[in-house]
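Trainee: Fold the following.
(chains A, B, C and D)
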2 protein chains.
Amino acid sequence: MNLKQLSEHLNLSQTTVSRALNGYPEVNEDTRKRVLKAAQELNYSPNTRAKGLATGRSMAIGHVIPVTSKHEMVNPVFGDFIAGAGETYSAEGYDMVLTLVDDRDEESVYRKIRTRGSVDGVIVHGPKMTDPRIPLLRQLGLPFVVHGRATDEGGDYAWLDVNNKSAFRRATNYLLDLGHRRIALLNGLETMDFAFRRRQGYAEALAARGVAVNPALLRSEEMTEVLGYRSARDMLDRDDAPTAFLVSSMITAIGVRRAIHDKGLEMGRDVSVITHDDDLSYLKNGPGEAIFTATRSSVREAGSLSARMLIDLIRQRPTGRHQLLEADLIIGGSTGPAPSTR
Amino acid sequence: MNLKQLSEHLNLSQTTVSRALNGYPEVNEDTRKRVLKAAQELNYSPNTRAKGLATGRSMAIGHVIPVTSKHEMVNPVFGDFIAGAGETYSAEGYDMVLTLVDDRDEESVYRKIRTRGSVDGVIVHGPKMTDPRIPLLRQLGLPFVVHGRATDEGGDYAWLDVNNKSAFRRATNYLLDLGHRRIALLNGLETMDFAFRRRQGYAEALAARGVAVNPALLRSEEMTEVLGYRSARDMLDRDDAPTAFLVSSMITAIGVRRAIHDKGLEMGRDVSVITHDDDLSYLKNGPGEAIFTATRSSVREAGSLSARMLIDLIRQRPTGRHQLLEADLIIGGSTGPAPSTR
DNA sequence: GAATCATCCCAAAGCGCTTTGGATTGCAGG
DNA sequence: CCTGCAATCCAAAGCGCTTTGGGATGATTC
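Mentor: You can find the predicted model right below:
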């Protein structure tokens, strides 16, 4: 069923039917009702491609997922982000187009997206500290919102980010208040902007209390259970083993917990752990109980808000182009006073 | 830059340029080279919508993600599946379109997808035992591949599935061989087809050894860490506490491990655990070490193969319409002989 | 030299929609 | 009675591509 058939069926012109369906005023209310009813009954919905061709808009948003050639990791956070964004898209009638791209030919992919015109805008995932995608997209004139920020990129661009620095500063301060001095940081890859900022927050908090950063207690790597386990195990084997861990993700923290148990220690009593918690639907840190003390910020909400921001941008609605979400500090069972002797 | 401009620039007709770019034979090789070069330099790529309109194909595959209205869970498996599928799509020049849909208006969404023509086919996720989507899609004439199966749906349709039944039968047998008799099953929601099949495998293995199924040792629920923890904790509190757990996902198994530790028991010695392992990139059960004994099957590979299958279907290439992947049984540190006294 | 045939290229139609620029009608106002 | 103006509706152009149905051109065959 297409417009032509529908209009013939109704003995109306395509123009009128189109206008009736799209809510234009120059059509009689009775006619409109008739049209809508017929469209409903005959199960008509307009062909996306034709509509897109005619309007110049595709009613789709692109998400370009960087897939590093080396480690083929999919960020576990991604599913929930997409779910959040998807809600907004559904409500606004947008489709979501995913493209996986090897980070080596990122540039050509973005260019292609632009000229092929299959999306009206893109969400940039996983920004690095210096990220060439930002100037590129600006140059291409394709609307975009960055989930995160790129510290080294100058100029204005729309972004939504968690205040990673303040979150990790607070978490570090909390551990310091509990008497911890040997605090390990199991960070994500510090080429990633968010990890860099967390590191800053951690370092600032230590510096403010005159505690030196011990490089042996720092890690910057992929956020997996196994790597969390290994790093924690190795550090706990040291003479100057940390009494507390600050960890970049729940998954990593689970590995840390395993390492602590393997050493015969108890989390929250012998060793404290604070993790960042993206509030993933399948990995709730609770509910109620709060297993880990955590800096929490819902990535799903971030997805929903980013999507809203991008749609506003595309529709040229004047709105804020920056959004900094503060993470909550949730006190759970994984932290306690620093053990006096060890 | 569009076709018209490009062809004017080259002093050729749109026809010739189009043919040169699409590899038709009736164009001189020199001309073709000239065209390709210019296209490259001028950064031309054809407008997707226009191309789609003209050809009737959209070069996009739809993934409809069911989002249950109650529990807003995103299956953690999803990210890796998408990554696998995405690889195939990239290689074949397809886009991937995600639509999140509340399961209440699933039907209308699929209908809309069909008439709007924004995709050439869809992958059906998370089939239930009786799943109306399958007859619907068949009726709509939209090519589709099901990731999993729907036991109650008759008729032929293309699917790719893990042999869940045999995997869980083997796992159960392995536990029985180790002397376990009180084996708990922490299953996914048994409205889901895969969970139902796992339950069958478990029950068959027990029956074959004359071990009765104890309903108190069965759970069918969402696969989260917290629910795994609670179920395991509650069961371990029983007089007839299980000596082994068969668990439906790594995430749940992590909760089980926590419950075991909380009881002061040791996994692999006091209590055995076998889990299904989807081989998620951020939650590797290893490498090498294999924390959990597990039935393993890469969901990423499943994604890649499903995508390939669907593309073959769309292109009407004759290929197998069913693919049953056998899971590996990986022996790890979480299983051991049943403790003689308890 | 005319007829035949490949080879290479082109004009124009068509995909299904939106939108421009009227055309038609009925009615109030002069 | 004519004009002006809303209120409705319509024909046709156009979005950027593919594809049909030829039209030149030059080489080959008889």
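
Trainee: going forward, measure contacts between C-alpha atoms and count neighbours the same way
Mentor: Fine.

Trainee: Tell me which residue in the stretch 101-250 of chain A sits closest to DNA strand D.
Mentor: The stretch 101-250 of chain A approaches DNA strand D most closely through residue A:116 (7.3 Å), counting by Cα to the nearest atom of the strand.

Trainee: can you pull the contacts of that residue?
Mentor: B:45-49 (Cα atoms under 8 Å, 6 or more residues apart in numbering or on different chains).

Trainee: Only the buried subset of those, as a PyMOL command please.
Mentor: For the buried members of the contacts of residue A:116, the matching PyMOL selection, counting by 16 or more other Cα atoms under 10 Å in any protein chain shown, is:
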select buried, chain B and resi 45+46+47+48+49
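
Trainee: and the gap between residue A:47 and residue A:278?
Mentor: 38 Å (Cα to Cα, to the nearest Å).

Trainee: domain assignment for chain A?
Mentor: Split into domains by automatic domain parsing, chain A comes to A:60-162+A:299-325, A:164-298+A:328-341.

Trainee: Check the separation of the first and last residues in the shortest one.
Mentor: Domain A:60-162+A:299-325 stretches 26 Å from its first residue to its last (Cα to Cα).

Trainee: Any part of it near DNA strand C?
Mentor: No - contact of domain A:60-162+A:299-325 with DNA strand C (Cα under 7 Å from any atom of the strand) is absent, the minimum separation being 13.1 Å.

Trainee: what's the average pLDDT for that domain?
Mentor: Mean pLDDT, computed over domain A:60-162+A:299-325, is 91.

Trainee: Distance from it to the middle of the chain?
Mentor: Its chain's C-alpha centre and that of domain A:60-162+A:299-325 lie 9 Å apart, by Cα atoms, centre = their mean, to the nearest Å.

Trainee: Check stretch A:221-228 too.
Mentor: Worked out by Cα atoms, centre = their mean, stretch A:221-228 lies 19 Å from the chain centre.

Trainee: Just the buried positions in that stretch, please.
Mentor: Applying a neighbour-count criterion of 16+ other Cα under 10 Å, one finds A:221-228 buried in stretch A:221-228.

Trainee: quick one on the thing from earlier: the contacts of residue A:116 also near DNA strand D: which ones?
Mentor: Residues of the contacts of residue A:116 in contact with DNA strand D (Cα under 7 Å from any atom of the strand): B:45-47.

Trainee: What is the burial count for residue A:331?
Mentor: 18 (other Cα atoms under 10 Å in any protein chain shown).

Trainee: which residues touch it?
Mentor: Neighbouring residues of residue A:331 by Cα under 8 Å, 6+ apart: A:290, A:292-294.

Trainee: Which members of these occur in strands, if any?
Mentor: A:293-294 (DSSP state E).

Trainee: export stretch A:255-270 as CSV, just CAs?
Mentor: C-alpha atoms of stretch A:255-270 as CSV (Å, rounded to 0.1, in the frame of the first residue of the first chain):
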residue,chain,number,x,y,z
GLY,A,255,37.7,-9.2,39.7
VAL,A,256,39.2,-7.2,42.5
ARG,A,257,36.8,-8.8,45.0
ARG,A,258,37.8,-12.2,43.7
ALA,A,259,41.5,-11.4,44.2
ILE,A,260,40.7,-10.2,47.8
HIS,A,261,38.9,-13.4,48.6
ASP,A,262,41.7,-15.5,47.1
LYS,A,263,44.1,-13.8,49.5
GLY,A,264,41.9,-14.9,52.3
LEU,A,265,41.0,-11.3,53.0
GLU,A,266,37.6,-9.7,53.5
MET,A,267,36.4,-6.8,51.4
GLY,A,268,35.2,-3.9,53.4
ARG,A,269,37.2,-4.9,56.5
ASP,A,270,40.7,-5.8,55.3
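
Trainee: any idea how far the closest residue in space to residue A:269 that isn't next to it in sequence is from residue A:179?
Mentor: Leaving out its chain neighbours, the residue that sits closest to residue A:269 by Cα to Cα, 6 or more residues apart in numbering or on different chains is residue A:336, at 5.8 Å. For residue A:336, the distance to residue A:179 equals 9 Å [Cα to Cα].

Trainee: Give me the more crowded residue out of these two.
Mentor: Between residue A:336 and residue A:179, counted using other Cα under 10 Å, residue A:336 has the larger neighbour count: 23 against 16.

Trainee: my guess is the more buried one is in a strand, correct?
Mentor: No - going by DSSP: H, G, I helix; E, B strand; the rest coil, the assignment for residue A:336 is coil, not a strand.

Trainee: wait, isn't it in contact with residue A:274?
Mentor: No - look at residue A:336 against residue A:274 with Cα atoms under 8 Å: they stay out of range, at 10.4 Å.

Trainee: Residue A:7 falls within a helix, correct?
Mentor: Yes - Residue A:7: assigned to a helix according to three-state DSSP.

Trainee: Quickly note the distance from it to residue A:14.
Mentor: 5 Å.

Trainee: Can you pull the residues of chain A lying near DNA strand D?
Mentor: Looking at DNA strand D, the residues of chain A close enough under Cα under 7 Å from any atom of the strand are A:11-16, A:26-29, A:31, A:50, A:53-54, A:56.

Trainee: In ChimeraX, select just the buried ones from the residues you listed.
Mentor: In ChimeraX, a selection of the buried entries from the residues of chain A next to DNA strand D looks like this (16+ other Cα under 10 Å):
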select /A:14,16,50,53
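
Trainee: Filter the residues of chain A next to DNA strand D down to just the ones in helices.
Mentor: A:14-16, A:29, A:31, A:50, A:53-54 (DSSP state H).

Trainee: Which one of those is nearest to residue A:100?
Mentor: Closest approach between these and residue A:100, by Cα to Cα: residue A:53, at 25.0 Å.

Trainee: Now for the closest one: which residues touch it?
Mentor: So residue A:53 contacts B:49-50 (Cα under 8 Å, 6+ apart).

Trainee: That one and residue B:51, how far apart?
Mentor: In this structure, residue A:53 lies at 10 Å from residue B:51, with Cα to Cα as the measure.

Trainee: Overlap of the contact sets of the two?
Mentor: Common neighbours of residue A:53 and residue B:51 (Cα under 8 Å, 6+ apart) do not exist.

Trainee: Name the SS class of residue A:305, please.
Mentor: Once three-state DSSP is applied, residue A:305 turns out helix.

Trainee: residue in the stretch 101-250 of chain A nearest to chain B?
Mentor: Minimum separation of the stretch 101-250 of chain A from chain B (Cα to the nearest Cα) falls at residue A:116, amounting to 4.2 Å.

Trainee: Test my guess that residue A:333 contacts residue A:293.
Mentor: Yes - if you go by Cα under 8 Å, residue A:333 and residue A:293 touch, sitting 6.3 Å apart.

Trainee: the more surrounded of those two?
Mentor: Comparing residue A:333 with residue A:293 by other Cα under 10 Å, the one with more neighbours is residue A:293, at 24 against 18.
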